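*Asks:* give me coordinates for this.
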Amino acid sequence: MALSMKTRCQRCDARLEPADVAYICSHECTYCPTCADAAGPCPGCGGELVPRPRRGPLEDGSSMTVEGLRGFGDDWGRGDVEALMSWMTDDCVYGASVGPEPGTTFTGRSEVEEGFRRILAYEDGGGAESGPIHLFGHRAIAEWSYLRPGPDGRPLRVRGCDLFEMEGRRIRRKDAFIKTLPMASPT
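*Replies:* Model prediction:
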């Protein structure tokens, strides 16, 4: 049975990639090195904290994981632009799903950061739900959806997917695509 390789410290919520140093107990409670030093025994169960085995890069040289992309999605759901930018390469590109057709493209760290801020403001905390993530070496597809009010006040289900290109553990390109569906009227 494989370790779940949790991507967040249970005490301070710091990001922990599978290749990062982390500490776990026999129940896989997971902590960053700083919190593990301060914790002594596991604060969750009282068990012994030991170094978690680290996972190396994938065969093609990429080390991005599904867990890492879920971490990116979690940061998106929280609207944490600083955390989102920590996932991005210096030469990153973001193809947004809104803006002049087929959507606005942001290039470079400062533009991508501004693009993330704009889209997160547009989404206005619509309760995003993550869907399946499919990783193919240095490329991935992530499905998601959220609700937003339509022009008549009825909710619209926005479904979409992101296409990712990675360099190592960082995202070089994120292209987003959406489809808006009206919700069925209650009967």
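*Asks:* who touches the helix or strand bottoming out on mean pLDDT in the chain?
*Replies:* The element with the least model confidence among the helices and strands of the chain, by mean pLDDT, DSSP states H and E, is helix 33-39, at a mean of 79. Residues from elsewhere that reach helix 33-39, judged by CB atoms under 8 Å, 6 or more residues apart in numbering: 9-12, 14, 21-23, 31, 49. (C-beta placed from N, C-alpha, C; glycine too.)
*Asks:* how about 10 Å then?
*Replies:* Judged by CB atoms under 10 Å, 6 or more residues apart in numbering, the contacts made with helix 33-39 from elsewhere in the structure are 9-14, 16, 20-25, 29-32, 42-43, 49-52.
*Asks:* so which of those residues belong to helices?
*Replies:* Taking DSSP state H, every one of the contacts of helix 33-39 sits outside helices.
*Asks:* next, count neighbours for the spatially closest residue to residue 149 that is not a sequence neighbour.
*Replies:* Setting aside the residues directly before and after it, residue 149 is nearest to residue 155 in space (CB to CB, 6 or more residues apart in numbering), at 6.3 Å. Residue 155 is surrounded by 13 other residues when neighbours are defined as other CB atoms under 10 Å.
*Asks:* how near is residue 155 to residue 123?
*Replies:* Residue 155 sits 14 Å away from residue 123 when distances are taken as CB to CB, to the nearest Å.
*Asks:* which residue is nearest the centroid of the chain?
*Replies:* When the chain is reduced to its mean C-alpha position, the nearest residue by CA atoms, centre = their mean turns out to be residue 72, at 1.6 Å.
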